[in-house]
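>>> how would this look folded up:
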Amino acid sequence: MSEDASVKTGDSVPVLEFQDVSKVYKTGDCEVYGLNSVSASFFPGELTALVGPSGSGKSTMQHLGAGFDKATSGTILLMGSDIGAYTEKTLARLRNQHIGFIFQSFNLIPVMTVLENVVYPATVYGAPYRFEGTPKERALFLLDRVGIASHAGKRPHQLSGGQRQRVAIARALMNNPDLIFADEPTANLDHEVGSEILGLLTSLNKEMKTTVLFSTHDPAVMACARRVISLKDGRLVEDRS
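This next block holds a predicted model:
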C-alpha cells in the first residue's frame, strides 16, 4: 500500500476483518494467548460489543485491529486491505484518517480548549480532509451535535466527566472515520450520565453509519449493541446478533 494510507471502500467490504488471528505473548518459557484463532468481520454501520472477563482478549482485539500491535499469525484487513505489512508511518496515517478512539479516561489534552481538542486530529496531516468545510466548521458542527457547543472555549478541567466524554466522542468523529474503537466508554461515569453517553453513541452510529466496536463489562452497553461477541481466554466463544 502507498504511504497515503488509502484503503478500499464499498458497503460489501467489511470495515474490519480478522482471519484466523492469534496473538501470543511470551514470558520466559511460557506462552500466553492474547487471541487464539479468532475470525470475525465487521461491516459498515455495525454496533458491536466485545465482552468477556479481564484477560479475555477484548483489548488485544482492539489493539490489533488498530495496528498498535502485530498479530503472531493470521490476517487483519481494514476495508479489504491487509494491514500486516504496513510501515509504522502508514499505520499512523491510517489511524488518523480512518479510525476514531474513545477512551474511558477521555484522554483530552489539558492545555487545549474543547474546540482545539476536537480540531486536533485534522491538524496532524492536514488537507485533503475526509469531511466538507474547514476543520473549525466540522468541529463546531460535531460539538453542537453532541450537545456541548456552548463549552467550546473551556478547557477539560472545567467540564464534568460526562461533558468530557462528549468532547471525546466529537474528537473521535472529527476526521469522519470508518471505524471507532470505544474502550469502556461509560466505565468512569455514573449510571445516569453513562446512559446519556450510550444513547448519544447509538444515535450517532445510526446517523453517521460509522462502525463502532465497544469493549465493555456494562450490561446496558451489551443491551444496546446490535451484535455481541463474547471472548474467553483469547477465544471467540459466542457471536450473536
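
>>> Tell me the secondary structure at the residue most central in space within the chain.
With distances taken as Cα atoms, centre = their mean, residue 181 lies nearest the centre of the chain, 1.6 Å away. Under DSSP: H, G, I helix; E, B strand; the rest coil, residue 181 falls in the strand class.

>>> before we move on, what about residue 50?
With three-state DSSP as the criterion, residue 50 reads strand.

>>> Quick check: it touching residue 213?
Yes - between residue 50 and residue 213 a contact is recorded at 6.1 Å, counting by Cβ atoms under 8 Å. Backbone N, C-alpha and C define where each C-beta goes, glycine included.

>>> after the longest helix along the chain comes which helix or strand?
Ranked by number of residues, the top helix in the chain under DSSP state H is helix 191-208. Scanning the chain past helix 191-208 towards its C-terminal end, the next helix or strand to appear is strand 211-216 (assignment: DSSP states H and E).

>>> Now tell me what touches that following strand from outside.
When contacts are defined by Cβ atoms under 8 Å, 6 or more residues apart in numbering, strand 211-216 is touched by residues 15-16, 42-51, 58-59, 61-62, 65, 178-187, 201, 205, 221-222, 225.

>>> which residues are in contact with both of residue 50 and residue 213?
residue 62.

>>> Check what pLDDT residue 204 gets.
Confidence at residue 204, expressed as pLDDT, is 89.

>>> From residue 69, how far off is the residue located most distally from the centre of the chain?
Going by Cα atoms, centre = their mean, the residue of the chain most distant from its centre is residue 29, 33.7 Å out. Here the distance between residue 29 and residue 69 works out to 22 Å (Cβ to Cβ, to the nearest Å).

>>> Name all residues that make contact with residue 46.
Contacts for residue 46 were tallied using Cβ under 8 Å, 6+ apart; they are 15, 211, 212, 226, 227.

>>> In contact with the fourth one, which residues?
Yep, that's residue 226 we're talking about. Counting by Cβ under 8 Å, 6+ apart, residue 226 makes contact with 46, 47, 48, 241.

>>> Pull up the gap between the last one and residue 78, please.
As defined by Cβ to Cβ, residue 241 lies at a distance of 22 Å from residue 78.

>>> neighbour count winner among the two?
More neighbours sit around residue 78 than around the other of residue 241 and residue 78, counting by other Cβ atoms under 10 Å; the figures are 27 against 9.

>>> Dig out what the more buried one forms beta bridges with.
According to DSSP bridges, the partner residues bridging residue 78 are residue 16, residue 81.

>>> Need the per-residue pLDDT for residue 181.
Reading off the per-residue confidence, residue 181 sits at a pLDDT of 96.

>>> for residue 67, same thing?
93.

>>> can you give me phi and psi for it?
As for residue 67, its main-chain torsions (degrees, to the nearest 10) stand at phi 80, psi 10.

>>> Need the nearest residue in space to residue 102, chain neighbours excluded.
If the residues on either side of it in the chain are set aside, residue 102 comes closest to residue 182, at 4.2 Å by Cβ to Cβ, 6 or more residues apart in numbering.

>>> so what's the one you found up against?
For residue 182, counting by Cβ under 8 Å, 6+ apart, the contacting residues are 101, 102, 172, 201, 212, 213, 214, 215.

>>> I'd like the residues you listed laid out as CSV, including pLDDT and neighbour count.
Shown next, in CSV, are these (pLDDT from 0 to 100; neighbours: other Cβ atoms under 10 Å):
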residue, pLDDT, neighbour count
101, 95, 18
102, 94, 22
172, 96, 25
201, 90, 25
212, 95, 26
213, 96, 26
214, 92, 27
215, 92, 25
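
>>> Dump those residues to JSON lines, plus distance to residue 35.
Written out in JSON lines, the entries for the contacts of residue 182 read as follows (distance: Cβ to Cβ, whole Å):
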{"residue": "101", "distance to residue 35": "19"}
{"residue": "102", "distance to residue 35": "22"}
{"residue": "172", "distance to residue 35": "24"}
{"residue": "201", "distance to residue 35": "25"}
{"residue": "212", "distance to residue 35": "20"}
{"residue": "213", "distance to residue 35": "14"}
{"residue": "214", "distance to residue 35": "17"}
{"residue": "215", "distance to residue 35": "13"}
